[in-house]
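Trainee: Here is my input; please provide its structure:
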Amino acid sequence: MRLRHARIELELHELSRRQGPALLLLHALGGSSADWAEAAALWAGRVYALDFCGHGRSHWVRGGVYYPELLAGDADAALAHLGTAAVAGAGVGAYVALLLAGARRDLVHAALLLPGRGLAGGGGEPDFDRPLLAAFTPDRATPLPHGSDPALRGLECDPRPTVYATRFATAARRLLLLEDSGERPPWWMAVRDTPAARAVTGDLRSGIVELAAG
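Mentor: Down below sits the predicted model:
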């Protein structure tokens, strides 16, 4: 289905129509709703996956400026359509899930944060020594998938202050952080220590089970 956020049209995919509570899935940087086929089979209720702007079948942003709060606006438009829901996000989608869980406490009863591309951003503080266009320099080792807006690479360099992240975590009702052997950026570690958060181990299946159990 098509949704509108400001001047952008977004694609929200219905992956499951089973009766029960809704789950909204938010993909990693360069991903799309197609990344969530396994998750749809693990949730007992309705399942929806959003294509963020610049990804999948959603429109690109004119001028090519992307930041996490813009993606959070995309997710908020989807949540307004669904009503109350649990949220699961991977990579940059995990950070967006955190913002949504804190900003929409009345609608998001729990959020699962998963590793993935775009999780770290540019660290906990702005890097004023970084050249302005460094974020948009192509990296041949880790190209974005075909069909993604190349300007999305800026999301790999945006600062993620820990104080900012913990304010959203403190406002959230319940957060699960699925940890693996990969990178745990400063904002993740700060959120992990807030009262609403709990670190869990395992895979996507066990994380969805934990999310449903709350």
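Trainee: just the strands in the chain please.
Mentor: In order along the chain, the chain carries the following strands (DSSP state E): 2-5, 8-17, 22-26, 46-51, 85-90, 108-114, 175-179, 197-201.
Trainee: mind giving me JSON lines with those and columns for distance to Leu211?
Mentor: No exception for glycine: its C-beta is placed from N, CA and C like everyone else's. Conversion of the strands of the chain to JSON lines gives the following (distance: least, CB to CB, whole Å):
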{"stretch": "strand 2-5", "distance to Leu211": "23"}
{"stretch": "strand 8-17", "distance to Leu211": "15"}
{"stretch": "strand 22-26", "distance to Leu211": "8"}
{"stretch": "strand 46-51", "distance to Leu211": "12"}
{"stretch": "strand 85-90", "distance to Leu211": "6"}
{"stretch": "strand 108-114", "distance to Leu211": "5"}
{"stretch": "strand 175-179", "distance to Leu211": "6"}
{"stretch": "strand 197-201", "distance to Leu211": "9"}
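Trainee: Can you flag the weakest of the ones you listed by average pLDDT?
Mentor: Comparing mean pLDDT across the strands of the chain, the weakest is strand 2-5, with a mean of 89.
Trainee: who does that one pair up with?
Mentor: In the sheet containing strand 2-5, its partner strands are strand 8-17 (antiparallel), by DSSP bridges.
Trainee: how much space between the residue nearest the centre of the chain and Gly122?
Mentor: The chain has Gly93 as the residue nearest its centroid, 1.3 Å off, counting by CA atoms, centre = their mean. The gap separating Gly93 from Gly122 is 17 Å, by CB to CB, to the nearest Å.
Trainee: right, and the strands of the chain - which one's nearest His59?
Mentor: Shortest separation from His59 across the strands of the chain is recorded for strand 8-17, at 4.9 Å, computed as CB to CB.
Trainee: hey, where'd the helices end up in this protein?
Mentor: Counting by DSSP state H, the chain forms helices over residues 37-40, 68-82, 92-103, 162-171, 186-192, 204-213, given from the N-terminal end onward.
Trainee: These into a markdown table, with extra columns for mean pLDDT?
Mentor: Formatted as a markdown table, the helices of the chain follow (pLDDT from 0 to 100):
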| stretch | mean pLDDT |
| --- | --- |
| helix 37-40 | 90 |
| helix 68-82 | 96 |
| helix 92-103 | 98 |
| helix 162-171 | 98 |
| helix 186-192 | 97 |
| helix 204-213 | 94 |
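Trainee: Single out the most deeply packed of those.
Mentor: With neighbours taken as mean count of other CB atoms under 10 Å, the helices of the chain reach their highest mean count in helix 92-103, at a mean of 27.
Trainee: quick one, that helix and strand 85-90 angle?
Mentor: Helix 92-103 and strand 85-90 meet at an angle of 150 degrees, taking axes from the mean of the first three to the mean of the last three CA atoms, to 10 degrees as the criterion.
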